[in-house]
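>>> Here is my input; please provide its structure:
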Amino acid sequence: MGDPAPFAADPARSRGRRYPQAASLTRDAFQRDRDRIVHCSAFRRLRYKTQVFVAPDGDHFRVRLTHSLEVAQIARTLARALALNEDLTEAIALAHDLGHPPFGHSGEDALEIAMAGYGGFDHNAQTLRVVTQLEQRYPDFDGLNLSWETLEGLAKHNGPVHAPGWALAEADAALRLDLDSWASLEAQVAAAADDIAYDNHDLDDGIRAGLFSIDDLCAVPFTAECWAAVTARFPGVTARRRLVPELVREQIGRMVDDLLTETRARLQASAVASVDDVRAAGRTLVGFSPAMATAAAALKAFLRARMYSAPAVARLRDPSQLVVAGLFAAYHADAARLPERWAATLPSTEPARARHIADFIAGMTDRFALREFERVVGPSPLPPGVSF
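As a prediction, the model looks like this:
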């Protein structure tokens with residue numbers, strides 16, 4: 001790998017950690033962050049958290065953990081091509097979904113409703129709570145004590161935050177994250193990789209689940225063009241299932257190439273020469289060309305209509321929300337239903353009390369949430385035959 005770009009984040013110039021720690025002899029600041037994320041409990045729990053399918057029947061569908069690994073792979077490739085810091089990019093990519101509650105967006109919607117009177121709930125902000133407070137792996141402080149740059153990337157990888165909710169405001173008060181500025185290029189790359197991975201791997205899972213066919217997908221012009229390229233490259237292959245992975249690779253490859261070309265043009269036009277220039281640029285510097293942005297939007301629209309709203313997915317949305325809502329109501333009404341450790345540390349006043357309960361629920365895997373529901377509320381609301 002060549003020299004880092006002048007606008008790449010430099011671990012030697014990190015703004016540090018909330019709790020000072022001696023430097024490692026073998027790893028720089030961002031490498032330590034990545035390793036702390038991989039070894040934390042919240043990262044392991046992503047194995048049993050829904051991506052799209054609740055309790056998928058097949059072992060090959062994505063879950064939050066596999067999605068996070070796929071995002072990290074794409075993000076690291078992009079960072080290397082742009083001469084950015086790969087370790088910081090990977091750390092942000094691996095941690096970006098740690099705050100997701102069980103049952104995917106259905107669970108988040110239910111928790112957001114339950115928390116409406118207590119400041120609300122947002123999975124991005126919850127990720128900051130996980131890495132700054134809820135993980136307890138060190139004897140002398142809470143959280144993972146990540147570097148300022150990793151926390152900044154998690155807080156604003158989608159852009160500046162001008163009106164932070166309570167959870168993000170708490171993290172910002174503890175270690176000022178300059179929420180009004182743009183994030184590093186490493187954080188922007190992680191966000192772009194999330195979109196690329198999400199769209200293309202959901203396409204793969206949707207075909208595998210039988211929610212739509214290749215012919216259906218070819219209603220999306222970009223996919224039709226990529227499919228034509230794949231079939232022309234492999235004219236002797238008639239089994240479509242053998243060509244679907246090639247279609248996914250083709251689409252990811254084209255998106256990555258487009259993003260690199262467009263990002264390089266934006267960097268040159270903006271004349272950024274440092275990380276501070278990136279934060280003051282006033283716009284996202286990592287992104288698709290207008291043509292690819294339109295193509296990606298069309299693919300997202302297709303997936304919303306044919307996958308996320310498909311009967312096979314939608315039939316579990318209401319039952320999943322009932323599990324999360326039921327758990328919150330049960331714990332809030334009777335704190336004795338909480339496990340001993342969580343009950344012992346439950347604040348006595350609101351909104352801290354409700355937020356403590358939400359922390360517990362947000363950390364649950366899908367299957368643990370269902371077991372807890374059956375323990376403290378009653379029979380599972382999920383349809384017969386759906387098990388974990």
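
>>> which residues touch stretch 275-289?
Stretch 275-289 has contacts (CB atoms under 8 Å, 6 or more residues apart in numbering) with 7-10, 78, 159, 178, 181-185, 188-189, 191-192, 255, 258-259, 261-263, 266-267, 270-272, 293, 296. Every C-beta, even on glycine, is put in place using the N, C-alpha and C of the backbone.

>>> Over to that stretch now: how far is its first residue from its last?
Start-to-end span of stretch 275-289 (CA to CA, to the nearest Å) is 23 Å.

>>> buried sites along it?
Val275, Val278, Arg279, Ala281, Thr284, Leu285, Val286, Gly287, Phe288 (16 or more other CB atoms under 10 Å).

>>> any idea of the pLDDT on the fourth one?
On pLDDT, Ala281 comes in at 96.

>>> Next, work out how far apart it and Lys300 are.
26 Å (CB to CB, to the nearest Å).

>>> Quick check: strands, which of the contacts of stretch 275-289 are part of them?
Among these, DSSP state E puts none in strands.

>>> and those, which are buried?
Neighbour-count burial (16+ other CB under 10 Å) applied to the contacts of stretch 275-289 gives 7-10, 78, 178, 181-185, 188-189, 191-192, 255, 258-259, 262-263, 266-267, 270, 272, 296.

>>> Just give the closest residue to His162, not the sequence neighbours.
Nearest residue to His162, sequence neighbours excluded (CB to CB, 6 or more residues apart in numbering): Asp180, at 6.3 Å.

>>> Count residues in the vicinity of that neighbour, would you?
Neighbour count of Asp180, defined by other CB atoms under 10 Å: 11.

>>> now swap in Val324 and tell me
Val324, neighbours per other CB under 10 Å, totals 27.

>>> measure it to Val377 for me?
From Val324 to Val377 the distance is 11 Å (CB to CB).

>>> Likewise for Asn200?
For Asn200, the distance to Val377 - CB to CB - is 38 Å.

>>> Neighbour count for those two, which is higher?
Just comparing Asn200 and Val377: by other CB under 10 Å the higher neighbour count belongs to Asn200, 23 against 18.

>>> Spit out the contact partners of that one.
Applying CB under 8 Å, 6+ apart, the residues contacting Asn200 are Val248, Gln251, Ile252, Met255.

>>> give me the element the nearest residue to Glu250 once chain neighbours are set aside is part of.
Spatial nearest neighbour of Glu250, excluding adjacent residues (CB to CB, 6+ apart): Cys226 at 4.4 Å. Using DSSP states H and E, Cys226 sits in helix 221-233.

>>> ok, which stretches of the stretch 1-150 of the chain are helices?
Under the criterion DSSP state H, counting those that start in this stretch, the stretch 1-150 of the chain contains helices at 29-39, 41-45, 64-81, 86-95, 104-114, 123-129, 148-156.

>>> looking at those, which is buried most?
Among the helices of the stretch 1-150 of the chain, helix 86-95 has the highest mean neighbour count (mean count of other CB atoms under 10 Å), at a mean of 29.

>>> elements contacting that helix?
Under the contact definition 3 or more CB pairs under 8 Å, 6 or more residues apart in numbering; DSSP states H and E, helix 86-95 sits against helix 29-39, helix 64-81, helix 148-156, helix 185-208.

>>> Contacts for the next helix or strand after the longest one, please.
This means helix 185-208. Next in sequence after helix 185-208, counting helices and strands by DSSP H and E, comes helix 214-217. The contact list for helix 214-217, computed with CB under 8 Å, 6+ apart, reads Leu203, Ile207, Thr223, Ala224, Trp227, Arg240, Val244, Leu247, Phe302, Arg306.

>>> go again using 7 Å as the cut-off
Leu203, Ile207, Thr223, Trp227, Arg240, Phe302, Arg306 (CB atoms under 7 Å, 6 or more residues apart in numbering).
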